[in-house]
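[1] Got a predicted structure here, sequence first:
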Amino acid sequence: MYHDDFENGPSEKKAYRVGFAAGAVSAIVLLAGLAFMVNFLYFNGSALTLLNQAKIRLVSGMIDQYYYKDVPASDLANGLLKGLVSSIGDKYSAYYTPDEYQQLMEGITGEYAGIGVVLSADPDTGVIIVNEVYEDSPAAKAGIRAGDILVSTGEYQAASGSLEDFVKRVRGNEGEKVEITYERNGKSHSVQMKKETIQTPSVTYTMLQAGKDHTKIGYIRISEFSSGTEEDFKEAVSDLEKQGMEGIIFDLRTNPGGLVDSVTKILDAILPKGTTVYMKDKEGKKTEYISDEAHKMKLPMTVLTSGKTASAGEIFAGAIRDYDYGTLIGTTTYGKGIVQQTFPLADGSAVKLTIETYYTPKGDCIHEKGIAPDIEMEYEYTGTEEEYGENYAYEKDNQVVKAEQVLLKEIGK
């Protein structure tokens with residue numbers, strides 16, 4: 001799933017936002033040129049034997065001599081680097097070209113130039129679907145809605161390439177014009193718009209009126225943990241508290257992860273003193289994140305989870321569970337209990353590697369098993385598809401309704 005133009009993390013659909021970024025990064029000088037790079041690999045750890053070096057030079061020469069098109073040396077070098085990292089066999093580790101790394105960083109900061117939509121590709125058909133349209137974005141102003149199928153941008157047909165290819169064409173510089181053709185209910189529509197700087201909203205919230213007494217239940221949806229999420233979260237809580245919130249629902253059902261610093265700072269504002277999460281590297285070195293006593297929430301709370309709740313989203317859910325601080329409702333989470341760190345290179349490219357395994361406060365490693373909710377409940381929405389896209393109603397969302405019921409009981413109403 002794409003937030004318009006950037007990677008998103010583990011999902012059942014094709015996606016590639018950084019799922020989990022952490023810590024300081026190191027700059028490494030990228031040694032340009034294919035042959036020079038091969039020598040670098042060999043003399044720094046014997047990654048390649050002399051025979052393999054000769055084979056790479058041979059294959060490179062064959063491509064240069066016999067392939068029917070000219071191939072830039074940079075493409076060969078990028079392919080070799082991507083193959084080197086992918087040979088680890090870890091789907092979360094990757095080599096990024098300068099352009100790809102720029103997209104990655106836009107995902108982390110939550111700011112980019114585009115049309116303001118969340119996109120995904122159907123894994124079977126490749127059809128590009130609009131999952132969400134940001135309020136006041138170019139797409140929203142042009143009338144695009146959640147559920148629309150994007151057919152083309154300009155002369156480029158979505159069916160002719162990947163989601164990544166399409167995304168590159170709807171992002172760019174602020175002020176650039178873009179034409180989008182989309183389908184809705186079998187009818188085709190074309191609209192023009194200008195790309196704008198989009199600040200991806202990672203926190204949305206509202207006050208729900210639950211039960212016969214219209215008890216005030218705060219609802220906070222955290223779509224990801226980016227660099228601006230902590231501040232947005234604090235503003236949401238402050239506003240809801242001023243309105244008289246008596247209980248709170250945290251919705252992490254489509255949260256693919258994000259920054260460890262972001263989620264742990266938010267947990268510090270919720271939980272009492274203690275460990276919120278800890279990590280171990282392959283040498284057993286431990287990194288621990290701690291919540292202090294300065295701030296903590298004393299309201300009844302629930303957390304909504306799904307199979308798309310992953311990584312940092314699972315750190316949040318796991319900490320709430322281990323402190324017995326709230327009720328988890330929904331389905332078992334994704335199961336990503338490992339940490340990646342991104343190492344930028346001098347030419348603007350980068351390498352992302354899995355460096356640690358993380359554990360919940362009570363020492364549970366959730367990797368490849370996820371976190372089971374306290375109340376297992378498949379998602380159901382009783383409204384129509386159009387109502388869901390245009391006028392989502394919380395009272396028609398069975399998991400939100402269940403969360404309200406749990407909170408009302410705890411509140412004593």
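    Sure, I can see it.

[2] got a list of contacts for the helix or strand hosting residue 207?
    Taking DSSP states H and E as the definition, residue 207 sits inside strand 203-210. Counting contacts by CB atoms under 8 Å, 6 or more residues apart in numbering, the residues outside strand 203-210 that touch it are 215-223, 229, 232-233, 235-236, 239-240, 243, 245, 249, 394, 400, 404, 407-408. Using the backbone N, CA and C atoms, a C-beta is placed for each residue, glycine as well.

[3] Tell me which strands the following helix or strand past it pairs with, and in which orientation.
    Next helix or strand after strand 203-210 toward the C-terminus (DSSP H and E): strand 215-222. Based on DSSP bridges, the pairing partners of strand 215-222 within the sheet are strand 203-210 (antiparallel), strand 247-251 (parallel).

[4] Which of those strands sits closest to residue 368?
    Smallest distance to residue 368 across the strands paired with strand 215-222 (CB to CB): 24.0 Å, for strand 247-251.

[5] Could I get the full set of strands for the stretch 1-150 of the chain?
    20-21, 94-96, 111-114, 117-121, 128-133, 149-153 (DSSP state E, counting those that start in this stretch).

[6] Could you work out the end-to-end span of stretch 276-291 for me?
    Here the two ends of stretch 276-291 are set 6 Å apart, with distance taken as CA to CA, to the nearest Å.

[7] what is the rounded mean pLDDT of it?
    Model confidence over stretch 276-291, given as mean pLDDT, is 97.

[8] Go through it and flag the buried ones.
    Applying a neighbour-count criterion of 16 or more other CB atoms under 10 Å, the buried positions in stretch 276-291 are 276, 277, 278, 279, 280, 287, 289, 291.

[9] Tabulate the residues you listed (TSV), appending secondary structure and distance to residue 112.
    What follows is these, written out as TSV (DSSP: H, G, I helix; E, B strand; the rest coil; distance: CB to CB, whole Å):
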residue	secondary structure	distance to residue 112
276	strand	29
277	strand	28
278	strand	33
279	strand	29
280	strand	34
287	strand	30
289	strand	28
291	strand	32
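
[10] tell me the two of the residues you listed that are most distant?
    280 and 291 (19.4 Å).

[11] Put the alpha carbons of stretch 254-269 into PDB.
    Once side chains and other backbone atoms are set aside, the C-alpha atoms of stretch 254-269 remain, and they are given as PDB (Å, rounded to 0.1, in the frame of the first residue of the first chain):
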ATOM      1  CA  THR A 254      -3.900  -0.700   9.200                       C
ATOM      2  CA  ASN A 255      -0.800   0.600  10.900                       C
ATOM      3  CA  PRO A 256       2.300  -0.900   9.200                       C
ATOM      4  CA  GLY A 257       4.900   0.400  11.600                       C
ATOM      5  CA  GLY A 258       7.300   3.300  11.400                       C
ATOM      6  CA  LEU A 259       9.900   4.800  13.700                       C
ATOM      7  CA  VAL A 260      10.900   3.200  17.000                       C
ATOM      8  CA  ASP A 261      11.600   6.600  18.600                       C
ATOM      9  CA  SER A 262       8.100   7.700  17.700                       C
ATOM     10  CA  VAL A 263       6.200   4.700  19.100                       C
ATOM     11  CA  THR A 264       8.200   4.600  22.300                       C
ATOM     12  CA  LYS A 265       7.700   8.300  23.000                       C
ATOM     13  CA  ILE A 266       4.000   7.900  22.600                       C
ATOM     14  CA  LEU A 267       4.000   4.900  24.900                       C
ATOM     15  CA  ASP A 268       6.000   7.000  27.400                       C
ATOM     16  CA  ALA A 269       3.000   9.400  27.500                       C
END
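
[12] if we can go back for a sec, quickly name whichever of the buried residues of stretch 276-291 is closest to residue 127.
    Closest approach to residue 127 among the buried residues of stretch 276-291 (CB to CB): residue 277, at 37.3 Å.

[13] The closest one contacts residue 291, correct?
    No - under the contact definition of CB atoms under 8 Å, residue 277 does not touch residue 291, with a separation of 9.9 Å.

[14] Now do the shared contacts for those two.
    Between them, residue 277 and residue 291 share the neighbouring residues 264, 267, with contact defined by CB under 8 Å, 6+ apart.
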